[in-house]
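Participant: structure here, sequence nowhere to be found:
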C-alpha cells in the first residue's frame, strides 16, 4: 500500500528565550541534563508536582517542582503581563510564544451555555518546542507538484510525531528555491510561520485566522498557488474548507489519525475526501529512539477503496 | 560694611522668596502629575476595552508628552507597566503607593475584570487628586509664610 520514503534525523534545540519565563532551578536542571535523555520536545509543568520533559525517547521526571502561584506567574509573564490580551487562545487551551513555541494549558474553566468564558487556577502548562526548519518533506513537495492542479495533500499521524514540522518545512521549500510557488500559510495557532528565515520566501502568513476565512482570503485575494494549514478537526472547519476551497487551489493540511481507515472514518475528513479536497494522504511515523521519519503515501482512490473494503458506507455521512 | 549687610539681606530675602516659589511649584507639579497619571490610566483602560492590546504595545502607542507629564524623563519608555510607573518618580507617597499597587496587579486577569480594576484605581486616583487639590491652597500659604518669615527673621538677625 502506497510509497514509503525515509527522511534524515532532525536535531532540535532548547530555545533560550524560555529562560526568562521558567524558574531558574528548572532551567539549570534542564541544561544539566543536556541531551542525555534524547531531544527535548516538551517541557511539562504541573502545579504541586514535579516538572517533566517529553523527549523523543520518552518521559523524564525532573526534581524541580512548581506551585500554583508560580505557575500562574509563569503564564502571566508569558502573556507579557497582559493576560486579558490572550483570553481567546487561553479559552482554546493554548498560547503561542515568539518562535512558534506553543504552550498548552489547563485549569479550572468558567463556562456559560457550553462555552468556556475563562480559565482560572492554571494547574498545568505544556511547553511544546518546535523543530527548526530542516531538510524534510522534499518528497511531499514532489508529490504536490505532480498532483492534479486542485488536489491537495493531507498529512496524518498520532499527536507528537512531527506533522507541524513537516508542514513548515514543505511550505518553506515550496515558496523558495528556483521555482517558488505563492504559498499562503493559514497559521491559526501561530506555530507554522514562526521562523525568521521564512520571511524571505514567497509566503503570506495569515496568523490567527480561522481556517475557513483564511482559506477564502488566500484563494480569492492573495492569489495563492498552495495553501497550508495545520490540524483540521471538526465539522465546522470541514464545512468552511469545502465552501472556501472550490477555487482550484490545492490545500496541504494535517490531521490526527493512526490509520487511513481510521482517518477516513472521521466524518469531517470523509466529507473533505468525498468533496475531492485531497488527492493523497501521507502517514508519518517516527522510528523509535531517534528522529528518523518514514512517510507512507496513499492516493485518494486507493484510500477510498480501502475504506470501502473495511465496510464504511455513504449513508453514514 | 553697611553695603555688604544690605546685599546679604537682599540675598536672604531673595532666597526666602525663591524657596517659597520652589516649594509651591513642587506642590502644583505633584497635582499635575496625579492628573497626568489619571489621563494615562484612562488611556490604558480604553486600550484594554477596545483592542485588548498587550501592555508593551499600549505603552509604545502612548503620547510621549503625556508620559513626560507623568514624570518619565528618558528617551524610550520601558515596555513593562511596573517599570513604567516606577520611572515616574511620583512625589506624593500615597499616590506612589496607589500607582505601585495598580502596576503590580495589572495584566493578571481577563478583559472584563481588568476594565473593572482600571475603573477602581481611576476612582482612587481621582479621590487622591481631589484631596491634593483641596489641600493645595492652604499648603501654599503655609510654605509662603514659613519661607518669607524665616527669611525676614534671618535678615533681622543678620542686620
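Facilitator: The structure has been received and is ready for your questions. Remember, predicted model here, so these are calculated numbers, not experimental data.
Participant: contacts for stretch A:239-251?
Facilitator: With contacts defined as Cβ atoms under 8 Å, 6 or more residues apart in numbering or on different chains, stretch A:239-251 is touched by A:144, A:147, A:149-153, A:210-213, A:215-216, A:218-220, A:224-229, A:232, A:271-272, A:275, A:277-279. Backbone N, C-alpha and C define where each C-beta goes, glycine included.
Participant: which among those residues end up buried?
Facilitator: By neighbour count, with 16 or more other Cβ atoms under 10 Å in any protein chain shown, the contacts of stretch A:239-251 hold A:144, A:147, A:151-153, A:211-212, A:215-216, A:218-219, A:224-229, A:232, A:271-272, A:277-279 as buried.
Participant: before we move on, back to that, of the contacts of stretch A:239-251, list those near chain B.
Facilitator: Among these, no residue is within reach of chain B (Cβ under 8 Å from any Cβ of the partner chain).
Participant: out of those residues, which are inside helices?
Facilitator: A:144, A:211-213, A:215-216, A:218-220, A:271-272 (DSSP state H).
Participant: of these, closest to residue A:24?
Facilitator: residue A:211 (39.4 Å; Cβ to Cβ).
Participant: distance check, the closest one against residue A:157.
Facilitator: Counting by Cβ to Cβ, to the nearest Å, the gap between residue A:211 and residue A:157 amounts to 19 Å.
Participant: nearest to chain B among the ones in helices among the contacts of stretch A:239-251?
Facilitator: For these, the residue nearest chain B by Cβ to the nearest Cβ is residue A:213; the value is 19.3 Å.
Participant: wait, residue A:110 touches residue A:121, no?
Facilitator: No. Under the criterion of Cβ atoms under 8 Å, residue A:110 makes no contact with residue A:121, lying 10.3 Å away.
Participant: count the residues that sit near the closest residue to residue A:130 other than its chain neighbours.
Facilitator: Using Cβ to Cβ, 6 or more residues apart in numbering or on different chains and skipping residues adjacent in sequence, the residue nearest residue A:130 is residue A:100, 4.4 Å away. Residues near residue A:100, counting by other Cβ atoms under 10 Å in any protein chain shown, number 23.
Participant: got the phi/psi numbers for residue A:100?
Facilitator: phi 70, psi 20 (degrees, to the nearest 10).
Participant: what pLDDT does it get?
Facilitator: pLDDT, residue A:100: 80.
Participant: wait, isn't it in contact with residue A:185?
Facilitator: No. Between residue A:100 and residue A:185 there is no contact under Cβ under 8 Å: 11.4 Å.
Participant: any residues in contact with both of the two?
Facilitator: Counting by Cβ under 8 Å, 6+ apart, the shared contacts of residue A:100 and residue A:185 are A:192-193.
Participant: could you check how far the residue nearest to residue A:130 is from chain B?
Facilitator: 18 Å (Cβ to the nearest Cβ, to the nearest Å).
Participant: any idea of the mean pLDDT in the helix ranked longest in chain B?
Facilitator: The residue-count maximum for a helix in chain B (DSSP H) belongs to helix B:2-51. For helix B:2-51, the mean pLDDT works out to 91.
Participant: so that helix, near chain A or not?
Facilitator: Yes. Counting by Cβ under 8 Å from any Cβ, contacts between helix B:2-51 and chain A involve residue B:48.
Participant: for that helix, enumerate the helices and strands it packs against.
Facilitator: Judged by 3 or more Cβ pairs under 8 Å, 6 or more residues apart in numbering or on different chains; DSSP states H and E, the packing partners of helix B:2-51 are helix B:55-61, helix B:64-70, helix B:93-105, helix B:111-158.
Participant: give me the angle between it and helix B:111-158.
Facilitator: Here helix B:2-51 runs at an angle of 180 degrees relative to helix B:111-158 (axes from the mean of the first three to the mean of the last three Cα atoms, to 10 degrees).
Participant: by how many degrees do helix B:2-51 and helix B:93-105 diverge?
Facilitator: Taking the same axes, to 10 degrees, one finds helix B:2-51 and helix B:93-105 inclined to each other by 30 degrees.
Participant: figure out how far helix B:2-51 is from the centre of its chain.
Facilitator: Here helix B:2-51 is found 8 Å from its chain centre; the criterion is Cα atoms, centre = their mean, to the nearest Å.
Participant: could you list the buried residues of stretch A:119-129?
Facilitator: Neighbour counts using 16+ other Cβ under 10 Å place A:119, A:122-123, A:125-129 of stretch A:119-129 among the buried residues.
Participant: show me which of those residues is closest to chain B.
Facilitator: For the buried residues of stretch A:119-129, the nearest to chain B is residue A:119 (9.1 Å; Cβ to the nearest Cβ).
Participant: please name the residues that touch the closest one.
Facilitator: Applying Cβ under 8 Å, 6+ apart to residue A:119 gives the contacts A:90-91, A:93, A:105-110.
Participant: just confirm residue A:41 is within a helix.
Facilitator: No. Looking at residue A:41 with DSSP: H, G, I helix; E, B strand; the rest coil, it is strand, so not inside a helix.
Participant: what residues are up against it?
Facilitator: Counting by Cβ under 8 Å, 6+ apart, residue A:41 touches A:12, A:54-56, A:128-129, A:160.
Participant: got TSV for the helices and strands packed on helix B:2-51, with mean pLDDT and distance to residue B:79 too?
Facilitator: As requested, the helices and strands packed on helix B:2-51 are exported to TSV (pLDDT from 0 to 100; distance: least, Cβ to Cβ, whole Å):
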stretch	mean pLDDT	distance to residue B:79
helix B:55-61	93	4
helix B:64-70	94	13
helix B:93-105	94	13
helix B:111-158	92	18
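Participant: dump the ones you listed to CSV, plus mean neighbour count and distance to residue B:43.
Facilitator: As requested, the helices and strands packed on helix B:2-51 are exported to CSV (neighbours: other Cβ atoms under 10 Å in any protein chain shown; distance: least, Cβ to Cβ, whole Å):
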stretch, mean neighbour count, distance to residue B:43
helix B:55-61, 17, 8
helix B:64-70, 16, 7
helix B:93-105, 17, 13
helix B:111-158, 15, 10
